[in-house]
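Any chance you can model this:
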Amino acid sequence: MRNPPQPKLTSFDKRQELLTARRNAKMARSTHAYVRGNTAKFYDWLEQADIRSLPEGPAIWICGDCHTGNLGPVGNVQGRIDVQIRDLDQTVIGNPVHDLIRLGLSLATAARGSALPGVTTINMIEALFEGYALAFDNDRASDDVCRKPEVVRVVMREAVRRSWKHLARERLEDTRPTIPFGSRFWPVSKDERAEIDALFEKATVANLATSLRDRANTGHVTVLDAAYWVKGCSSLGRLRYAVLLDVDGGVVEGDDLCLIDIKEGVKAAAPRYPGAAMPRDNAERVVAGARALSPHLGERMLAATMQGKPVVLRELLPQDLKLEIEQIGEAEAMEVARYLAFVVGQAHARQMDKATRRSWLAELKRTKPKSIDAPLWLWSSIVELVGSHEVGYLEHCRRYALAAE
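Next up, the predicted model:
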């Protein structure tokens, strides 16, 4: 027997109301959570700030929402695991410095939430720049030149040992071939279920489920269960479904089961370079950006349409984990900043030839002052953003508390 639906939903409007309340509650937990959930505030700053002092980097795919929670171990179809960008909703062809500044903002608010002294934040920003620049050094930019901090090594070890049962217990709370309703999974309507069933009858969609782990490509999969997935923060309120599939009809443990994440692709709010040639379909844009920035993830994503809206499908792997850096210690702060910036730098650098990497590195280093071992535009941008987000967070808490009352 399934658990009874919690809460009982009677309409799409009611679902939206509950999701909005949940999103507000998540953002009220900390400044760091507010930064993660309020991407629009960062884009507003980019529009209003004097960005003439920011260097204009090469026109490449950028994450667009590059905070610590959007980085983590990601598995590929061959089973290799690497730390890459894991959320590409806002990906566009734009200025790579936007990713660096947003990552710095995320790390700085994590440091403040951990009650670290201001000098540690300064050192973190210096390490952030050092790690990012290292990815563009043609002579030094290899995977082993930037040491993984302990918090990353712990998550990587967990990713390596994880199996389908770990994924099922974490995501589904059980290893039985059903999705249990509760606080994370809500019932879908008959129309939603019918459209999900029809979606996986298409050969191109069914092939996504058979492409991993040498599954038999029968061209047909069976939808065992589906639910609306209450997941994320900034994405709450969009179409989001978890779909449990049987690939070959055997339903034998995890090898024959497949958990698909369906997520609506919405218009990116991240600033893009004028004239940049990108797919007009928002789901296709996300997939294209993922394949450029995070090959492990991009190769197992697919663009489709549901309810007349673009959606992105991807199979969830047990190895896909999020880096949770709500709290950070003083000893590891610099290592974390350096390494995560290096990961982002690698995602950018793999889209450039050697000459472009060399010229971009020279441009990055051109404006470093004597007082801090990082460009002044990077430091001043992060300081200004931390201040505005602290104010915004307190205002959000005030409004949320009044609404709750």
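
Show me where the stretch 51-200 of the chain has its strands.
Using DSSP state E, counting those that start in this stretch, the strands assigned to the stretch 51-200 of the chain run over residues 60-62, 71-75, 81-85, 92-94, 185-186.

how about JSON lines for the ones you listed, with mean neighbour count and mean pLDDT added?
Just so you know, the C-beta spots here come from the backbone N, C-alpha and C atoms, and that holds for glycine as well. Formatted as JSON lines, the strands of the stretch 51-200 of the chain follow (neighbours: other Cβ atoms under 10 Å; pLDDT from 0 to 100):
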{"stretch": "strand 60-62", "mean neighbour count": "27", "mean pLDDT": "98"}
{"stretch": "strand 71-75", "mean neighbour count": "24", "mean pLDDT": "86"}
{"stretch": "strand 81-85", "mean neighbour count": "22", "mean pLDDT": "89"}
{"stretch": "strand 92-94", "mean neighbour count": "23", "mean pLDDT": "97"}
{"stretch": "strand 185-186", "mean neighbour count": "23", "mean pLDDT": "86"}
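
Check which residues of stretch 122-137 are buried.
Residues 122-136 are the ones in stretch 122-137 that count as buried (16 or more other Cβ atoms under 10 Å).

Just the CA trace of that stretch, in PDB.
This file holds the C-alpha atoms of stretch 122-137, laid out as PDB (Å, rounded to 0.1, in the frame of the first residue of the first chain):
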ATOM      1  CA  ILE A 122      39.700  37.700   1.300                       C
ATOM      2  CA  ASN A 123      42.000  34.700   1.100                       C
ATOM      3  CA  MET A 124      39.100  32.700  -0.400                       C
ATOM      4  CA  ILE A 125      38.600  35.200  -3.200                       C
ATOM      5  CA  GLU A 126      42.400  35.100  -3.900                       C
ATOM      6  CA  ALA A 127      42.300  31.300  -4.000                       C
ATOM      7  CA  LEU A 128      39.100  31.500  -6.200                       C
ATOM      8  CA  PHE A 129      41.000  33.500  -8.800                       C
ATOM      9  CA  GLU A 130      44.100  31.400  -8.600                       C
ATOM     10  CA  GLY A 131      42.100  28.200  -9.200                       C
ATOM     11  CA  TYR A 132      40.200  29.700 -12.100                       C
ATOM     12  CA  ALA A 133      43.300  31.100 -13.800                       C
ATOM     13  CA  LEU A 134      45.100  27.800 -13.400                       C
ATOM     14  CA  ALA A 135      42.600  26.100 -15.800                       C
ATOM     15  CA  PHE A 136      43.800  28.400 -18.600                       C
ATOM     16  CA  ASP A 137      47.500  27.800 -18.100                       C
END
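
Against residue 257, how distant is residue 89?
26 Å (Cβ to Cβ, to the nearest Å).

more crowded one of the two?
Taking other Cβ atoms under 10 Å, residue 89 and residue 257 do not tie; residue 89 has more neighbours (25 against 21).

Tell me the spacing between that one and residue 238.
Using Cβ to Cβ, residue 89 is found at 9 Å from residue 238.

For these two, list the residues in contact with both.
263, 266 (Cβ atoms under 8 Å, 6 or more residues apart in numbering).

For residue 84, see how far away the closest residue in space to residue 106 that isn't next to it in sequence is.
For residue 106, ignoring the flanking residues on the chain, the nearest one in space by Cβ to Cβ, 6 or more residues apart in numbering is residue 67 at 3.7 Å. Distance of residue 67 to residue 84, given as Cβ to Cβ: 14 Å.
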